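Engineer: sharing a sequence plus its predicted fold:
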Amino acid sequence: MKCRTGCGACCIAPSISTPIPGMPGGKPAGVRCTQLTRENRCAIFGKEDRPAVCQDLRPSPEMCGRNIE
């Protein structure tokens, strides 16, 4: 599956237990990451401080759905 520009599900759906810039305790599932921009793009994509769990995450129909809703 290919990512949809502006989807943002990968920055909302998963629980992340490792620190994220602006979220030192990580984040629970269903909570918007502080690094998700208004355009639903990751502000730390490709940067060193992006958590490994985020780097390893791959899009899936279960997480991404068919549209932003």
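Structural biologist: Nice, I can see it. Every value quoted in this text rests on a predicted model; they were computed, and no experiment measured them. Residues are numbered from 1 along each chain as shown.

Engineer: got phi/psi on Cys54?
Structural biologist: Cys54 adopts backbone torsions of phi -70, psi -40, taken as degrees, to the nearest 10.

Engineer: count of neighbours near it?
Structural biologist: Number of residues near Cys54 (other CB atoms under 10 Å) recorded here: 18. (Glycine included, C-beta is placed from N, CA and C.)

Engineer: residues contacting it?
Structural biologist: Cys10, Cys11, Ile16, Ile20, Cys42, Ile44 (CB atoms under 8 Å, 6 or more residues apart in numbering).

Engineer: please report how far it lies from Pro19.
Structural biologist: Noted for Cys54: a distance of 12 Å to Pro19, by CB to CB, to the nearest Å.

Engineer: need the residue closest to the centroid of this structure.
Structural biologist: Nearest to the mean C-alpha position of the chain, counting by CA atoms, centre = their mean, stands Cys11 at 1.9 Å.

Engineer: residue ranges of the strands in the chain, please?
Structural biologist: Taking DSSP state E, the chain contains no strands at all.

Engineer: mind picking out the helix or strand in it with the poorest mean pLDDT?
Structural biologist: Lowest by mean pLDDT, DSSP states H and E among the helices and strands of the chain is helix 61-64, with a mean of 81.
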